[in-house]
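Participant: sharing a model prediction with you, sequence too.
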Amino acid sequence: MEEKINKIDKELLGEISNLENIPKGAYNIRKNGKGIERKVTENINIVTKTDKPGIDIYVKENTKFEFIHIPVIITESGLKDLVYNDFHIGKNANVIIVAGCGIHNDHHKDSEHDGIHRFYLEEGAKVRYIEKHYGEGSGDGKRILNPVTEVYLKAGSSLEMESSQIKGVDSTIRETKGELEENTNFVVSEKIMTHGKQFAKTIFDVQLNGENASTHVTSRSVATEDSEQFFVSKIYGNNKCFAHSECDAIIKDNAKVTATPEITANNVEANLIHEAAIGKIAGEQLIKLMTLGLSEKEAEEEIIKGFLR
């Protein structure tokens, strides 16, 4: 891990991790397909996989309120990066994990990152997982991100996932899978914005296997110009459980958004709810802001910012 972090790297890290310097706590920074910086702590160990690209992160039981940062940055045009990161969260641990990927592409070849993240939470463990995706660069090569998140929750554990696509991502397929045991909770909040001819597809597949397992999936998206988005939510209630899936989208110009809910109750005590709303910005919202002196474009931008906040 001898490669130094340059100005572009720091800017990418700032976009996806809100950090300008090397973070405190445990971290692993990956650049152009290899690890360049790493730090472990007394309670958190990070080990390089030997059978495939990626790392294993081990959090000791009863670890409280520590941070783990695992950002990925790509500045090499034409690179296709694949990584497998497994998180092993000990019993009654409570940690915050900050991930995400930033791609800078100034050339003509496509750059792609496919990250497979698997979370194994022991009994009573809690995780807050924050993931941001961002693309930039003057080249016409595409910036492609395909994240896969798998969550396995043992009794009494919970995971809160915040996922956002900031801007500049030309194509993304986002898959999130969950298997929940008794008294577990899986909360997902997703925010996506697309423009130009960008494409985004989100797929949720959650199995509520244990008694009193619950999930709440919320997707908020804005699609503008000629971009296209798909939202697919599959939730299976296999026991006494609760689920709420919600998709809200704003469309502009020639954009398209498709929402496909699928909720399956395999138990008489499964309580499953899905809501979806797709439409343009309400005229009364624009008028209200324009009476305050904003132009129509400025008013639209303020409404979108508030919607995705």
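Facilitator: Nice, I can see it.

Participant: give me the neighbour count for the closest residue to residue 274 other than its chain neighbours.
Facilitator: Leaving aside its sequence neighbours, residue 274 sits nearest to residue 261 (CB to CB, 6 or more residues apart in numbering; 4.0 Å). (C-beta placed from N, C-alpha, C; glycine too.) Number of residues near residue 261 (other CB atoms under 10 Å) recorded here: 18.

Participant: and residue 261, which helix or strand is it part of?
Facilitator: Using DSSP states H and E, residue 261 sits in strand 256-265.

Participant: how about residues contacting the helix or strand just after that strand?
Facilitator: Tracing the chain past strand 256-265, the next element assigned as helix or strand by DSSP H and E is strand 270-279. Strand 270-279 is contacted from outside by 208, 231, 233, 235, 237-251, 257, 259, 261, 263-265, using CB atoms under 8 Å, 6 or more residues apart in numbering.

Participant: can I get strand 270-279 in PDB? Just the C-alpha atoms.
Facilitator: Backbone C-alpha positions of strand 270-279 (Å, rounded to 0.1, in the frame of the first residue of the first chain) are rendered in PDB as follows:
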ATOM      1  CA  ALA A 270     -47.600 -11.300   7.900                       C
ATOM      2  CA  ASN A 271     -48.500  -7.600   7.500                       C
ATOM      3  CA  LEU A 272     -47.100  -6.200   4.300                       C
ATOM      4  CA  ILE A 273     -47.600  -2.800   2.800                       C
ATOM      5  CA  HIS A 274     -46.400  -1.200  -0.500                       C
ATOM      6  CA  GLU A 275     -46.900   2.400  -1.700                       C
ATOM      7  CA  ALA A 276     -45.700   4.000  -4.900                       C
ATOM      8  CA  ALA A 277     -46.100   7.600  -6.200                       C
ATOM      9  CA  ILE A 278     -44.600   8.900  -9.500                       C
ATOM     10  CA  GLY A 279     -45.300  12.300 -11.000                       C
END
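
Participant: what's the mean pLDDT across that strand?
Facilitator: Mean pLDDT, taken over the full extent of strand 270-279, equals 94.

Participant: so what strands line up beside that strand?
Facilitator: Strands flanking strand 270-279 in the sheet, each with its direction: strand 241-251 (parallel) (DSSP bridges).

Participant: what's in contact with stretch 280-292?
Facilitator: 250-252, 296, 298-300, 302-304.

Participant: for residue 136, what are phi and psi?
Facilitator: In terms of degrees, to the nearest 10, the main-chain angles of residue 136 are phi -160, psi 170.

Participant: what's it in contact with, if anything?
Facilitator: Neighbour list for residue 136: 12, 15, 102-105, 143, 168 [criterion: CB under 8 Å, 6+ apart].

Participant: so where's the stretch 1-150 of the chain uncertain?
Facilitator: Filtered on pLDDT under 70, the stretch 1-150 of the chain yields the residue ranges 1-4, 18-23.

Participant: all strands of it, in order?
Facilitator: Along the stretch 1-150 of the chain, the segments classed as strands by DSSP state E, counting those that start in this stretch run 26-31, 34-39, 44-48, 54-59, 64-69, 72-74, 80-89, 94-104, 111-121, 126-136, 143-145, 148-153.

Participant: can I get these in CSV with distance to residue 216?
Facilitator: What follows is the strands of the stretch 1-150 of the chain, written out as CSV (distance: least, CB to CB, whole Å):
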stretch, distance to residue 216
strand 26-31, 28
strand 34-39, 33
strand 44-48, 28
strand 54-59, 24
strand 64-69, 23
strand 72-74, 27
strand 80-89, 20
strand 94-104, 19
strand 111-121, 17
strand 126-136, 14
strand 143-145, 24
strand 148-153, 13
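
Participant: quick one: which two of the contacts of residue 136 are the most distant?
Facilitator: For the contacts of residue 136, the farthest-apart pair by CB to CB is 15 and 105; their separation is 14.1 Å.

Participant: looking at the two now, which is surrounded by more residues?
Facilitator: When residue 15 is set against residue 105 and neighbours are counted by other CB under 10 Å, the residue ahead is residue 105, at 27 against 22.
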